[in-house]
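What shape does this take:
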Amino acid sequence: MTLFGEVLVQEEIITNEQLETALHTQKEEMGLALGDILCRDFSIPQETIETLFVNAVLLPFLKEWFPKTFKDKLEIKGVDFGLFITGFDISISSFSRTTSKQITFIKNPEGIFHNRRKDRTEEQINAVIDTMTIQTIRKQLLTFENIGIRVNLFSKTFTLNDGPGFISEARIRLMQAIKQKK
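Numbers count the residues shown, from 1 in each chain. Model (predicted):
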């Protein structure tokens, strides 16, 4: 996957020098997202950053990573969905991004607290997959709509906002597709 800063330079939103400056600032101001720094320090419109982020980072990430993770969650004894599913297409209608920063402090022998410098920043994406189409080996198309997901980019995990309902529906529909004759 291409790094977001590289995409910004390729799309001529920023220069290499601006990217280097922003990355330096990001190291100094841990926890601040690159896009937020570019908006603040270089007056890049937030809408430009978010649109490019969705199209160049989030969608490719979900299209590559979500199908594999989805197949793992579908596990049914004796059924290899990996062989049966041949393609995925995902369309996202909306998303929100939340950044959180955890800073750990420890007390020294004098009783003064100091930052351990092992800060951890997490990015969480809440998105609605407007439509997800699964193509089977038999050229069948199974379409699912309005799937709410939460993706933690740090741990590369996702949860479905509707709980087990979507996975159960997907299992049933895929099992029906497997049982259908050609």
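
which residues in the protein form strands?
Using DSSP state E, the strands of the chain run over residues 85-102, 105-107, 113-115, 120-136, 141-152, 157-160.

Is it possible to get those out as TSV so that each row also shows mean pLDDT, distance to F166 and mean neighbour count?
For every residue, glycine as well, the C-beta is placed using N, CA and C. Below are the strands of the chain laid out as TSV (pLDDT from 0 to 100; distance: least, Cβ to Cβ, whole Å; neighbours: other Cβ atoms under 10 Å):
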stretch	mean pLDDT	distance to F166	mean neighbour count
strand 85-102	79	13	14
strand 105-107	82	41	9
strand 113-115	77	41	10
strand 120-136	83	9	17
strand 141-152	86	6	16
strand 157-160	76	5	14
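
any idea how far P67 is from the residue of the chain positioned farthest from its centre?
Distance from the C-alpha centroid of the chain peaks at E110, with 43.3 Å (Cα atoms, centre = their mean). In this structure, E110 and P67 are 54 Å apart, going by Cβ to Cβ, to the nearest Å.

follow-up on the earlier one: distance to A56 for the strands of the chain - can I get that in a markdown table?
Shown next, in a markdown table, are the strands of the chain (distance: least, Cβ to Cβ, whole Å):
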| stretch | distance to A56 |
| --- | --- |
| strand 85-102 | 13 |
| strand 105-107 | 37 |
| strand 113-115 | 33 |
| strand 120-136 | 14 |
| strand 141-152 | 16 |
| strand 157-160 | 20 |
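
Tell me which of those strands sits nearest to A177.
strand 120-136 (5.4 Å; Cβ to Cβ).

relative to strand 85-102, how tilted is the closest one?
Here strand 120-136 points in a direction 170 degrees away from that of strand 85-102 (axes from the mean of the first three to the mean of the last three Cα atoms, to 10 degrees).

can I have strand 120-136 written out in PDB, keeping just the CAs?
Presented in PDB, the C-alpha positions along strand 120-136 are these (Å, rounded to 0.1, in the frame of the first residue of the first chain):
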ATOM      1  CA  ARG A 120       0.600   5.200  21.100                       C
ATOM      2  CA  THR A 121      -1.700   6.800  18.600                       C
ATOM      3  CA  GLU A 122      -4.600   4.900  17.200                       C
ATOM      4  CA  GLU A 123      -6.700   5.600  14.100                       C
ATOM      5  CA  GLN A 124     -10.200   4.300  14.000                       C
ATOM      6  CA  ILE A 125     -12.400   4.400  11.000                       C
ATOM      7  CA  ASN A 126     -16.200   4.100  11.300                       C
ATOM      8  CA  ALA A 127     -17.600   3.500   7.800                       C
ATOM      9  CA  VAL A 128     -20.800   2.400   6.100                       C
ATOM     10  CA  ILE A 129     -20.200   0.000   3.200                       C
ATOM     11  CA  ASP A 130     -23.000   1.100   1.000                       C
ATOM     12  CA  THR A 131     -22.800  -2.100  -1.100                       C
ATOM     13  CA  MET A 132     -20.600  -5.100  -1.100                       C
ATOM     14  CA  THR A 133     -20.800  -7.500  -4.000                       C
ATOM     15  CA  ILE A 134     -19.300 -10.900  -3.800                       C
ATOM     16  CA  GLN A 135     -18.600 -12.900  -7.000                       C
ATOM     17  CA  THR A 136     -18.600 -16.600  -6.700                       C
END
